[in-house]
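Student: Sequence and predicted structure are below.
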Amino acid sequence: MKFEDLKIIEPILRALQEEGYTVPTSIQEKAIPLILNRNDVLGSAQTGTGKTAAFAIPILQHLFLDRQQHNTPRNINALIITPTRELAIQIAESFATYGKHTGLKNTVIFGGVKQGQQTNALRRGVDILVATPGRLLDLMDQGFVRLSNVEYFVLDEADRMLDMGFIHDIRKIIAKLPAKRQSLFFSATMPNTIVNLSKKILKDPIKVEVSAVSSTADTIKQYLYYTNKATKIDLLIHILQERKIDQVLLFSRTKHGADKITRNLKKQKIKAAAIHGDKAQNARQKVLQQFKDGEIRVLVATDIAARGIDIDKLKYVINYDIPNIAETYVHRIGRCGRAGDEGVSISICEPEENAFIKDIEKLIDQKIEKIKDNPFPQTDNPMTAREKQVFEREKTQRRKDFFAARNKQNSPKFNRRR
């Protein structure tokens with residue numbers, strides 16, 4: 001089956017084709033027709049199985065067709081709740097990617113940062129809101145968010161939500177939703193607490209269940225380097241030189257990180273390019289073709305952008321940032337060693353990512369080989385000499401900026417303008 005067979009409308013299908021999506025995953029094949037038919041769905045699926053697209057694509061299609069029929073002003077018509085900032089950002093990026101030709105707008109809100117940019121986006125109007133529970137309730141209390149127009153509701157990673165103590169927040173949010181809505185509920189596991197909660201959210205749901213991708217190909221050799229954050233780029237350059245790697249797909253967690261890695265590699269005369277959602281489609285296609293033609297040595301990609309990458313005979317994958325979702329690791333390294341060819345996966349782990357490695361090894365049920373001959377080993381010191389140097393330099397600059405701003409405020413010319 002192909003995406004064309006799922007009766008997806010042209011604007012979304014075009015976006016999928018531009019991203020290189022051709023064949024739906026198991027959960028996409030099962031869930032998309034049900035959601036398009038406006039059924040409530042109870043999905044048992046882990047992150048890494050393609051479930052974000054399974055609910056994002058049909059929700060975008062519903063909203064696009066609804067907008068064409070009624071031409072109503074922008075309201076929050078779809079709400080997606082997820083437990084962590086990282087997941088919220090990934091889901092929002094997916095909606096932006098699949099819906100880029102629909103004219104629909106989405107934004108993401110989460111705690112731990114100032115709310116100004118988030119509230120400004122809400123004031124401008126959005127169709128789709130992706131949120132973590134705490135920040136959503138906070139902005140609801142302040143009057144920035146109203147849920148009275150929500151027609152499509154998704155509760156994602158429900159078991160993690162409960163593990164993190166969000167059950168009371170979820171109940172408060174659900175109480176503010178319209179009774180008439182389509183609800184989708186996804187959880188990796190289905191204990192009684194999850195089943196009981198789903199009964200309060202869903203109406204006559206259809207259950208969809210898929211297993212997680214948890215195994216790596218035997219043809220892929222996996223290696224692990226432990227280092228510090230400040231020495232990651234130095235270790236990367238050492239690996240590229242020592243192993244004489246001609247071409248590699250390298251994964252970064254963020255778009256900003258991908259651009260920074262690319263700049264650092266170029267400074268060392270290493271041909272590199274970044275590919276992520278902020279790049280124009282024609283620019284991404286050009287870079288990908290240059291990589292395939294061997295003109296670029298290191299292609300730095302985020303997970304969203306890499307989903308459409310399918311390169312024959314690719315031997316090396318490097319995890320510059322360890323993914324916080326173990327299944328993502330399996331998908332990443334699956335880009336190399338295809339069709340029975342030998343592949344090599346190299347992961348560079350800083351202290352904050354050590355727990356992610358444990359999750360990955362638990363999922364794949366094997367230990368990743370640790371490289372001991374490492375010129376930049378991970379140390380117990382939380383701040384290396386280089387990190388201290390950078391910190392002190394930044395602190396000095398912040399002090400200069402502070403005094404410059406204060407002197408400006410005290411000047412007569414500034415006070416007259418005020």
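Tutor: Perfect, I can see it now. Residues are numbered from 1 along each chain as shown.
Student: Got the domain ranges for this protein?
Tutor: For the chain, automatic domain parsing gives the domain ranges 3-209, 220-370.
Student: I'd like these laid out as a markdown table, including mean neighbour count.
Tutor: C-betas here are computed from N, CA, C, even on glycine. Below are the domains of the chain laid out as a markdown table (neighbours: other C-beta atoms under 10 Å):
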| stretch | mean neighbour count |
| --- | --- |
| domain 3-209 | 18 |
| domain 220-370 | 18 |
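Student: Switch these over to a markdown table; also include mean pLDDT.
Tutor: A markdown table is the format used below for these (pLDDT from 0 to 100):
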| stretch | mean pLDDT |
| --- | --- |
| domain 3-209 | 90 |
| domain 220-370 | 90 |
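Student: Distance to T379 added to these, as CSV?
Tutor: Formatted as CSV, the entries for the domains of the chain read as follows, by distance: least, C-beta to C-beta, whole Å:
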stretch, distance to T379
domain 3-209, 26
domain 220-370, 6
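Student: did I read that right, Q285 in a helix?
Tutor: Yes. The assignment for Q285, made by DSSP: H, G, I helix; E, B strand; the rest coil, places it in a helix.
Student: List the contacts of it.
Tutor: By C-beta atoms under 8 Å, 6 or more residues apart in numbering, the contact list for Q285 is empty.
Student: can you check P375 too?
Tutor: 235, 238.
Student: Which pLDDT value goes with it?
Tutor: According to the model's per-residue confidence, P375 sits at a pLDDT of 95.
Student: Now do the same for it: helix, strand or coil?
Tutor: What three-state DSSP gives for P375 is coil.
Student: same check, this time on D218
Tutor: Secondary structure of D218, reduced to three states by three-state DSSP: coil.
Student: quick one: it and I311, what's the gap?
Tutor: In this structure, D218 and I311 are 20 Å apart, going by C-beta to C-beta, to the nearest Å.
Student: ditto for Q268
Tutor: Q268 sits 23 Å away from I311, going by C-beta to C-beta.
Student: Quick one: closest of the domains of the chain to P377.
Tutor: Across those, the minimum distance to P377, taken as C-beta to C-beta, is reached by domain 220-370, at 6.4 Å.
Student: what residue lies at the spatial centre of the protein?
Tutor: Note on the chain: the residue nearest the mean C-alpha position is Q90, at 2.7 Å, using C-alpha atoms, centre = their mean.
Student: is it true that that residue touches D303?
Tutor: Yes. The pair Q90 and D303 passes the contact test of C-beta atoms under 8 Å, sitting 7.3 Å apart.
Student: between those two, what contacts are shared?
Tutor: Shared contacts of Q90 and D303, defined by C-beta under 8 Å, 6+ apart, are not found at any residue.
Student: And the pLDDT for R416?
Tutor: For R416, the predicted pLDDT is 47.
Student: So I80, which state does it fall into?
Tutor: Assigned by three-state DSSP, the conformation of I80 is strand.
Student: Which residues are in contact with it?
Tutor: Listed by C-beta under 8 Å, 6+ apart, the contact partners of I80 are 55, 91, 128-131, 153-154, 156.
Student: in which helix or strand would I find A121?
Tutor: According to DSSP states H and E, A121 maps onto helix 116-124.
Student: Contacts for that helix next, please.
Tutor: Under the contact criterion C-beta under 8 Å, 6+ apart, helix 116-124 has outside partners 105, 107-109, 129, 135, 139, 144-145.
Student: Cross the residues you listed against strands and list the overlap.
Tutor: Of the contacts of helix 116-124, the ones assigned to strands by DSSP state E are 107-109, 129.
Student: Kindly reformat those residues as TSV containing distance to V195.
Tutor: As requested, these are exported to TSV (distance: C-beta to C-beta, whole Å):
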residue	distance to V195
T107	32
V108	29
I109	29
L129	27
